[in-house]
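**Q** Curious how this folds, go ahead:
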Amino acid sequence: MNVSAHPAHDWLTLDWPARAWVRACVTTRSGGISAAPFDRFNLGEHVEDDPAAVTRNRQRLISLLGCKPAWLHQVHGVAVVPADPGEVHEADASWTATPGVACTVMTADCLPVLFCDRAGSRVAAAHAGWRGLAGGVLEATLDALAVAPEEVLVWLGPAIGPDAFEVGAEVREAFMAVHPQAAEAFVASINPGRYMADIYRLARIRLAARGVTAVYGGGFCTYSDPRFYSYRRAARTGRFASLIWLAN
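**A** The predicted structure is shown next:
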């Protein structure tokens, strides 16, 4: 994982074999003006932060990256839409082939997943909480990209790690009902009837089942890494963004 050269010095860029004009970035808490508990670079309008601070943070994001983010109203579903900077669609993933338009998802423990094709002609971003992941949001995003599986590159962004993501038996059953091998992504918790889930492994299983094996990233934990917002660590918190776009 590389560290970006942006003034917000700990934002992340991607270390993957995408074409040079495929740009991507993951923001952190650094670089903005939001006050605690949203400090500092909160980009979520729905978390009770000062709207003026969120607007300023979003303006700074645009000025630093030079792209037009296409924000979504995320609902933990599987809808995928064409990225549109001019309208906030209710969906959990978007795609585009238009240069300068950034497919954008916001998270604070859920898994952000970025996609591109090897030719560098189209990109996509998906918000994958466990419900969306189990429901098929990654598969729906692949369908929208309409690219052969072997031509797809995927990067798994910062999400809650397997040592912090405790879930109920119903979550394990939802994944195993589709892919029995998903059992390997769950370890019994010290709490009876509960499991520790590896959301990165679950995503890789779902992608592999569709023939996508060029998968990068992973290995983060938003819960334990103070650079990132984490809903499980503090329910009243901000959201960071993962963006991918084609350079003009």
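**Q** for the chain, what helix or strand is lowest in average pLDDT?
**A** strand 2-3 (a mean of 36; mean pLDDT, DSSP states H and E).
**Q** any idea which helix or strand comes after that strand?
**A** strand 12-13 (DSSP states H and E).
**Q** For the helix or strand following that next one, what is the distance to the chain centroid?
**A** Sequence order places strand 22-26 as the next helix or strand after strand 12-13, per DSSP H and E. Distance, stretch centre to chain centre, for strand 22-26: 12 Å (C-alpha atoms, centre = their mean, to the nearest Å).
**Q** Now do the buried residues in the helix ranked longest in the chain.
**A** Longest helix in the chain, counting residues (DSSP state H): helix 51-65. Of all the residues in helix 51-65, those buried under the rule 16 or more other C-beta atoms under 10 Å are Ala53, Val54, Asn57, Arg58, Arg60, Leu61, Leu64, Leu65. For the C-beta atoms, the positions are set from N, CA and C on the backbone; glycine is no exception.
**Q** again with stretch 24-43
**A** So stretch 24-43, judged by 16+ other C-beta under 10 Å, has buried residues 24-34, 38-43.
**Q** would you put the C-alpha positions of it in CSV?
**A** Extracted in CSV, the C-alpha atoms of stretch 24-43 (Å, rounded to 0.1, in the frame of the first residue of the first chain):
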residue,chain,number,x,y,z
ALA,A,24,-8.0,6.0,-7.0
CYS,A,25,-7.8,7.3,-3.4
VAL,A,26,-9.1,6.5,0.0
THR,A,27,-9.5,9.4,2.4
THR,A,28,-8.8,9.2,6.2
ARG,A,29,-9.7,11.4,9.1
SER,A,30,-6.9,13.8,8.2
GLY,A,31,-7.2,17.1,6.3
GLY,A,32,-10.6,18.5,7.1
ILE,A,33,-12.4,20.9,9.4
SER,A,34,-15.1,18.8,11.1
ALA,A,35,-15.1,19.0,14.9
ALA,A,36,-15.2,16.0,17.3
PRO,A,37,-16.5,13.3,17.1
PHE,A,38,-16.4,13.8,13.4
ASP,A,39,-12.9,15.1,13.3
ARG,A,40,-11.6,15.9,10.9
PHE,A,41,-12.3,14.9,7.3
ASN,A,42,-15.9,13.6,7.6
LEU,A,43,-17.6,13.4,4.2
